[in-house]
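> Prediction below, plus the sequence it came from.
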Amino acid sequence: MKNTRLISVLLLAISLNLAATAQTARLDSGSALRSGPMLGYSEMTETIIWLQTKVPAKAQIRFWKTGDAKNIKNSRVIQTSEQGDHIARFVLTGLSFGTRFEYDVFLNDKKLDLGFTPTFQTQPHWRFRTDPPAFRIALGSCAYINDPPFDRPGKPYGDSFEIFTAIAAEKPDVMLWLGDNVYYREPDWLSESAMRYRYAQNRELPELKQLLANTHNYAIWDDHDYGPNDSDGTFRGKQWALKVFQDYWANATYGHDNTQGVFGRFEWGDIEFFLLDDRFHRSPNRMAASPDKKMLGDAQLKWLMESLVSSRSPFKIVASGSQMLNRVNEFEAFKNFPDEQKRLFDFIRASGVEGVVFLSGDRHHTELIKRTDVAAYPLYDFTSSPLTSGGGFLKQEENNPDRIPGTWVTNGTRNFGTIDVSGPAKARKLTLRTLDKTGKELWKHEILESELRGKG
């Protein structure tokens with residue numbers, strides 16, 4: 001009996017070993033990578049690289065300065081696990097500033113063939129040395145990736161996925177995702193596991209590969225990648241949504257002090273970006289206008305105002321999922337929270353904060369709004385949408401008097417934006433562009449640093 005039991009144990013051990021060997025063989029083929037690599041934040045001496053595997057795997061990044069492949073450095077080894085959603089996040093530290101690096105991904109000690117050699121960069125240490133650097137950011141919102149079992153019947157809502165290849169071809173330093181970066185369907189927002197499925201499904205899109213691997217990505221959310229359509233701070237799954245967002249994006253920070261959310265602040269060159277959370281603390285849209293109706297909430301608004309005052313950047317770029325300046329938007333614009341909007345606008349004027357520029361998404365059309373009645377200088381809101389979701393045409397907004405003529409992109413045209421920052425210190429310039437899914441330029445507008453200074 002003992003011998004029979006011993007033989008059974010030995011056979012089980014051999015079976016488990018063979019299964020593990022077979023799984024390792026499958027992993028060695030490169031099939032274990034589910035999505036990524038994706039670049040997150042970048043500082044002068046540090047960056048982060050994100051990836052996700054299909055099954056537990058041993059992951060590592062090996063990298064070197066471009067042109068110096070003999071001096072390869074290794075990240076720490078990370079064992080992905082089901083408990084961690086098979087995600088690995090490599091924080092690379094002690095890097096040389098102002099440097100371009102190439103890198104490889106290894107799973108179970110085998111280099112993966114991505115079809116190209118990806119790169120990342122650190123920011124230059126330019127202050128007291130040179131003029132600030134020129135750089136390019138890309139931006140967009142509303143990225144719907146089809147998934148037929150979950151989608152509504154009829155014509156697929158998502159299309160033109162080659163737009164991500166066109167964005168990558170513009171070689172931006174930064175990609176700024178302005179919300180609705182994934183679209184939760186009805187089953188998705190009912191559990192954290194379903195939210196995770198939706199993010200993982202979106203990240204597997206082949207056209208995203210080069211953009212994610214070669215461009216440093218920062219993100220905020222809007223309603224569809226937070227919860228249901230037009231969702232607000234009462235959404236029961238808000239804590240799931242926040243956790244999933246933090247796991248699948250790699251911003252430098254989330255929230256401030258004891259205030260939760262996806263809002264944060266980062267620099268690229270001499271420009272500061274202020275990322276807003278328009279959902280986590282939002283009052284219901286149908287709530288009557290009053291001092292209690294908030295889009296940002298008191299703590300986030302206080303953080304934003306104090307951050308703008310503390311910034312010495314010539315351009316202070318504020319990114320929001322909802323439009324900030326549009327006076328004829330009857331849907332989810334900041335205008336529908338009039339007391340909070342007035343607090344921010346009054347503060348900008350009274351405190352003398354200069355150089356504020358807004359970015360927004362959500363609308364399924366693109367436009368550049370300019371208003372001269374808010375601050376002591378013109379305020380702009382560059383709305384960029386949609387990337388791959390459907391679009392539309394709103395007759396009631398056709399003649400918006402605050403829109404820069406020629407900047408309205410509608411009728412379902414998928415598009416993205418770029419902002420080139422250039423010029424010497426004290427004479428910086430923003431060049432805003434909108435391009436279609438093929439990379440064809442649709443319009444361009446320049447904003448000079450001198451234009452966004454107060455009078456007198």
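Structure's in. What do you need? Numbers count the residues shown, from 1 in each chain.
> show me where pLDDT drops low in the protein?
Along the chain, the parts satisfying pLDDT under 70 run over 1-30, 456.
> Could you list the domains of the chain?
Per automatic domain parsing, the structural domains of the chain span 31-121, 135-452.
> Serialize those to JSON lines and add fields for mean neighbour count and distance to residue 129.
C-beta: built from backbone N, CA, C; applies to glycine. Below are these laid out as JSON lines (neighbours: other CB atoms under 10 Å; distance: least, CB to CB, whole Å):
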{"stretch": "domain 31-121", "mean neighbour count": "17", "distance to residue 129": "10"}
{"stretch": "domain 135-452", "mean neighbour count": "19", "distance to residue 129": "11"}
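> For residue 127, find the nearest of the ones you listed.
Judged by CB to CB, the one of these that comes nearest to residue 127 is domain 135-452, at 8.2 Å.
> Got phi/psi on residue 420?
Torsion angles at residue 420 (phi, psi; degrees, to the nearest 10) stand at phi -100, psi 130.
> contacting residues for the spatially closest residue to it that is not a sequence neighbour?
Leaving aside its sequence neighbours, residue 420 sits nearest to residue 431 (CB to CB, 6 or more residues apart in numbering; 4.2 Å). Contact analysis of residue 431 by CB atoms under 8 Å, 6 or more residues apart in numbering lists 419-420, 422, 444-446.
> Give me the sheet partners of the strand or helix carrying residue 431 and which way each runs.
Using DSSP states H and E, residue 431 falls within strand 429-436. Its sheet considered, strand 429-436 pairs with strand 415-422 (antiparallel), strand 441-448 (antiparallel) by DSSP bridges.
> Dump those to a markdown table, plus distance to residue 210.
Shown next, in a markdown table, are these (distance: least, CB to CB, whole Å):
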| stretch | distance to residue 210 |
| --- | --- |
| strand 415-422 | 15 |
| strand 441-448 | 21 |
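> Residue 329 reaches residue 335, doesn't it?
Yes: taking contacts as CB atoms under 8 Å, residue 329 lies within contact range of residue 335: 6.5 Å.
> Can you report how many residues lie near the closest residue to residue 425 other than its chain neighbours?
Nearest non-adjacent residue to residue 425, counting by CB to CB, 6+ apart: residue 131, 5.2 Å away. By the criterion of other CB atoms under 10 Å, residue 131 has 15 neighbours.
> Helix or strand: which one has residue 131?
Short version, using DSSP H and E: residue 131 is in no helix or strand.
> Surely it touches residue 427?
No: in this structure, residue 131 is not within contact of residue 427 by CB under 8 Å, at 9.4 Å.
> For the nearest residue to residue 426 once chain neighbours are set aside, list the residues it contacts.
For residue 426, ignoring the flanking residues on the chain, the nearest one in space by CB to CB, 6+ apart is residue 449 at 7.1 Å. Going by CB under 8 Å, 6+ apart, residue 449 touches 314-315, 355, 423, 426-429.
> one more time with 10 Å, if that's ok
314-315, 354-355, 423, 425-430 (CB atoms under 10 Å, 6 or more residues apart in numbering).
> Would you mind putting those residues into JSON lines with distance to residue 344 alongside?
Formatted as JSON lines, these follow (distance: CB to CB, whole Å):
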{"residue": "314", "distance to residue 344": "20"}
{"residue": "315", "distance to residue 344": "17"}
{"residue": "354", "distance to residue 344": "15"}
{"residue": "355", "distance to residue 344": "15"}
{"residue": "423", "distance to residue 344": "28"}
{"residue": "425", "distance to residue 344": "28"}
{"residue": "426", "distance to residue 344": "27"}
{"residue": "427", "distance to residue 344": "28"}
{"residue": "428", "distance to residue 344": "24"}
{"residue": "429", "distance to residue 344": "26"}
{"residue": "430", "distance to residue 344": "21"}
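> among the residues you listed, which two are most distant?
354 and 423 (16.0 Å).
> And the helices in the stretch 151-300 of the chain?
In the stretch 151-300 of the chain, the helices defined using DSSP state H, counting those that start in this stretch lie at 163-169, 192-203, 209-214, 238-248, 298-310.
> circling back to that earlier point, state the phi and psi torsions of the residue nearest to residue 425.
In terms of degrees, to the nearest 10, the main-chain angles of residue 131 are phi -60, psi 160.
> Also residue 336?
Torsion angles, degrees, to the nearest 10, at residue 336: phi -80, psi 10.
> Touching, it and residue 294? I think so.
No: Residue 336 is not in contact with residue 294 according to CB atoms under 10 Å; the separation is 11.2 Å.
> Quickly list what's touching both of the two.
With CB under 10 Å, 6+ apart as the test, residue 336 and residue 294 both reach 283, 287.
> The closest residue to residue 347 other than its chain neighbours and residue 173, how far apart?
Closest residue to residue 347 apart from its sequence neighbours, by CB to CB, 6+ apart: residue 305 at 4.9 Å. For residue 305, the distance to residue 173 equals 28 Å [CB to CB, to the nearest Å].
> Repeat that for residue 120.
Using CB to CB, one obtains 10 Å as the distance from residue 120 to residue 173.
> Common neighbours of residue 329 and residue 335, please.
Shared contacts of residue 329 and residue 335, counting by CB under 10 Å, 6+ apart, come down to 322-323.
> Just the strands from the stretch 1-150 of the chain, written as ranges.
For the stretch 1-150 of the chain, the strands defined by DSSP state E, counting those that start in this stretch cover 33-42, 47-53, 58-65, 73-74, 78-79, 87-92, 100-107, 110-111, 119-121, 135-140.
> Mind putting these into a markdown table with distance to residue 195?
What follows is the strands of the stretch 1-150 of the chain, written out as a markdown table (distance: least, CB to CB, whole Å):
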| stretch | distance to residue 195 |
| --- | --- |
| strand 33-42 | 15 |
| strand 47-53 | 14 |
| strand 58-65 | 23 |
| strand 73-74 | 33 |
| strand 78-79 | 23 |
| strand 87-92 | 14 |
| strand 100-107 | 25 |
| strand 110-111 | 31 |
| strand 119-121 | 28 |
| strand 135-140 | 21 |
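> partner residues bridging the residue most central in space within the chain?
Residue closest to the mean C-alpha point of the chain, counted by CA atoms, centre = their mean, is residue 219 at 2.2 Å. Here residue 219 sits in beta bridges with residue 177, as judged by DSSP bridges.
> who's in contact with residue 342?
Counting by CB under 10 Å, 6+ apart, residue 342 touches 291, 374.
> for it, helix, strand, or coil?
Following DSSP: H, G, I helix; E, B strand; the rest coil, residue 342 is assigned to helix.
> can you check the one 4 residues further on too?
The three-state label given to residue 346 by three-state DSSP is helix.
> Tabulate the domains of the chain in a markdown table, adding columns for distance to residue 127.
Shown next, in a markdown table, are the domains of the chain (distance: least, CB to CB, whole Å):
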| stretch | distance to residue 127 |
| --- | --- |
| domain 31-121 | 10 |
| domain 135-452 | 8 |
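> hang on, isn't residue 229 packed against residue 184?
Yes: at 9.3 Å, residue 229 counts as touching residue 184 under the criterion of CB under 10 Å.
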